[in-house]
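Engineer: The sequence isn't on hand, but the structure is:
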Ligand code: SF4
């Protein structure tokens, strides 16, 4: 699976100028096992921004990266991004890889860090988080939340390595990160079209821009349609 590799390179390039703290997967934060509602009055602050996964077959170590303040040092609502870079088995069969990407996408809906209420929709890369005052008192930090996420992703046997990046640094290019998230969604949408449509006409297809940009997309659709 190499379709998202150029986005991973771009994400790394966007974030490289900023100071970061990297930690190997450590003790995970508690998962409460179900949706929790954190009322505004119980909220220390909200994180508002972008959250998305980038899947690859290249080697990824289990680690968390924090760029900017950790929850203990955040005093007001803050812009935020979460990027999870996920290594999967090189399954060879694109349909299997595509199914895996969808399965990985659902992990965020089954991860419930204690005092860390994530809100997002399946058709959007927007991600908002409410962090509870009680969680701050109990010592929540991004490395612990990220370690929990790594555990959850790795419940899928084909997931081999996960790097979760949290960004709260005020100098981060959040617009640039969002553009990557949009492109990520467009590539996933194109894969969806390719996997589910046997007919194609590139001259009228509204996904042509993505196929022109991402190596291997057109070839994949040709193969899936039996033209090659
Ligand atoms: S190969 Fe052509 S028809 Fe298929 S998704 Fe790409 S542009 Fe569209």
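Structural biologist: Nice, thanks for sending it over. Bear in mind the structure is a predicted one, so any value in this text is a computation, not a measurement.
Engineer: can we go C-alpha only for contacts and neighbour counts from here?
Structural biologist: Fine.
Engineer: contacts for the longest strand along the chain?
Structural biologist: Counting by DSSP state E, the longest strand found in the chain is strand 43-56. Residues from elsewhere that reach strand 43-56 (CA atoms under 8 Å, 6 or more residues apart in numbering): 1-5, 7-8, 74-88, 101, 105, 125-133, 136, 174, 177-178, 181, 184.
Engineer: Among the residues you listed, name the buried ones.
Structural biologist: 1, 3-5, 7-8, 74, 78-88, 101, 125-133, 136, 174, 177-178, 181, 184 (16 or more other CA atoms under 10 Å).
Engineer: Going by neighbour count, which residues in stretch 52-61 are buried?
Structural biologist: Applying 16+ other CA under 10 Å to stretch 52-61 flags 52, 53, 54, 55, 56, 57 as buried.
Engineer: need the residues of the chain near the ligand, please.
Structural biologist: The chain comes close to the ligand at residues 190, 194, 200, 201, 202, 205, 207, 208, 211, 218, 221, as judged by CA under 6 Å from any ligand atom.
Engineer: which other helices and strands contact whichever strand or helix holds residue 219?
Structural biologist: For residue 219, the host element (DSSP states H and E) is helix 217-224. Packing partners of helix 217-224 (3 or more CA pairs under 8 Å, 6 or more residues apart in numbering; DSSP states H and E): helix 174-196, helix 208-213.
Engineer: The first one to helix 217-224, inter-axis angle?
Structural biologist: If you take axes from the mean of the first three to the mean of the last three CA atoms, to 10 degrees, helix 174-196 sits at 20 degrees to helix 217-224.
Engineer: Mind checking the pLDDT average for helix 174-196?
Structural biologist: Taken as a whole, helix 174-196 has a mean pLDDT of 92.
Engineer: now do the shortest one
Structural biologist: Computed over helix 208-213, the mean pLDDT rounds to 90.
Engineer: Counting by contacts, list what that helix packs against.
Structural biologist: By 3+ CA pairs under 8 Å, 6+ apart, helix 208-213 packs against helix 174-196, helix 217-224.
Engineer: Show residues contacting the helix or strand that the longest strand of the chain is followed by.
Structural biologist: Next helix or strand after strand 43-56 toward the C-terminus (DSSP H and E): strand 63-67. The contact list for strand 63-67 (CA under 8 Å, 6+ apart) reads 18-25, 142-143, 146-147, 162-169.
Engineer: for stretch 170-185, same thing?
Structural biologist: Under CA under 8 Å, 6+ apart, the answer for stretch 170-185 is 4, 7, 10-11, 14-15, 18, 49-52, 54, 68, 79-81, 125.
Engineer: Cool, thanks, talk later.
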